[in-house]
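Novice: can't give you the sequence, but here's the structure:
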């Protein structure tokens, strides 16, 4: 009788560890960001007239597919994760979760996610499959061989916005392409700022992800980040020209991108860690604000 409390604590601790490891396996925070983009694109496509059942199924399917892709990413990079302090505690890298169990989890999540997305039609199921496969089996291995992996990875990173629109509209429309382009372009200044701050970690694992010739921290990163901010301004203006976005929303999007461009210019001029950190933090606000502005405009 006296041992029961000890057993209960042990079971509870084991449960907490399992839940924590599952969150690490699917990269819970990153998955939520992807999920937010997909759900917002659905809401934008339907002009705020949300079918909550459809949104719930989209959220579940998107979470499962993204979680599966992230789990496979950790299986493939488990040896490299051990070399970087910020990823060394991941469950597959440490051995707390075996490769076979991680692959099983990934398979189950992939089947569940793609099945649910396919309920909306074969196109959404295909796009979910494309997102998973391109992230896990194209982008992941390319990270150690070419800096162009960032370009490849930006495709599955932006596909959830097309999927959200396809769930409502059943086709890849101009709205879907505009939202895809927004997130595709957003990823470059965002990811390069993250890569700048984690450069030493990445290099320990053999990842050279900054866009300069030798993957070094120089003005190239700031300049190219600035270029992509300007391209996002062009995307906003094009959306207005096509009648997809109203004038006031376009002006706000232009202002957001211009503000972000200033921080990219500072990184170009100073090549400082402080400028890279500012560029990264602005990116965390930029995407959700942009999608909220577009949603309000549609409503």
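Specialist: Everything's here; your move. Here the structure is a predicted model, which is why all the values come from computation and not from measurement. Numbering: from 1, shown residues only.
Novice: List the contacts of residue 134.
Specialist: By C-beta atoms under 8 Å, 6 or more residues apart in numbering, the contact set of residue 134 is 152, 155, 156. In short, each C-beta sits where N, CA and C put it, glycine included.
Novice: Show the backbone phi and psi for residue 95.
Specialist: With angles defined as degrees, to the nearest 10, residue 95 sits at phi 90, psi 0.
Novice: Tell me, how many residues neighbour it?
Specialist: 10 (other C-beta atoms under 10 Å).
Novice: Residue 232 is in contact with residue 182, isn't it?
Specialist: Yes - using C-beta atoms under 8 Å, residue 232 makes contact with residue 182 at a distance of 6.6 Å.
Novice: top of the contacts of residue 134 by neighbour count?
Specialist: Result: residue 156 is most packed of the contacts of residue 134 (other C-beta under 10 Å), 22 neighbours.
Novice: three-state assignment of it?
Specialist: helix (DSSP: H, G, I helix; E, B strand; the rest coil).
Novice: hmm, back to that, who has more neighbours, residue 232 and residue 182?
Specialist: Counted by other C-beta under 10 Å, residue 232 and residue 182 do not tie: residue 232 has more neighbours, with 27 against 24.
Novice: Tell me which stretches of the stretch 51-200 of the chain form helices.
Specialist: Using DSSP state H, counting those that start in this stretch, the helices found in the stretch 51-200 of the chain span residues 52-76, 78-81, 91-94, 99-118, 122-134, 140-142, 149-169, 174-197, 199-204.
Novice: quick one: which of those helices is nearest residue 270?
Specialist: In terms of C-beta to C-beta, the element of those nearest to residue 270 is helix 174-197, at 11.7 Å.
Novice: mind giving me JSON lines with the contacts of residue 134 and columns for pLDDT and distance to residue 173?
Specialist: JSON lines is the format used below for the contacts of residue 134 (pLDDT from 0 to 100; distance: C-beta to C-beta, whole Å):
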{"residue": "152", "pLDDT": "92", "distance to residue 173": "24"}
{"residue": "155", "pLDDT": "95", "distance to residue 173": "18"}
{"residue": "156", "pLDDT": "94", "distance to residue 173": "20"}
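Novice: nearest to residue 246, of those?
Specialist: Checking those against residue 246 with C-beta to C-beta, the nearest one is residue 155 at 28.5 Å.
Novice: Run through the residues that contact that closest one.
Specialist: Taking C-beta under 8 Å, 6+ apart as the test, what residue 155 contacts is 134, 184.
Novice: State the distance from it to residue 162.
Specialist: Distance of residue 155 to residue 162, computed by C-beta to C-beta, to the nearest Å: 10 Å.
Novice: for residue 242, same thing?
Specialist: 16 Å.
Novice: okay, those two: which has more neighbours?
Specialist: residue 162 (24 against 12).
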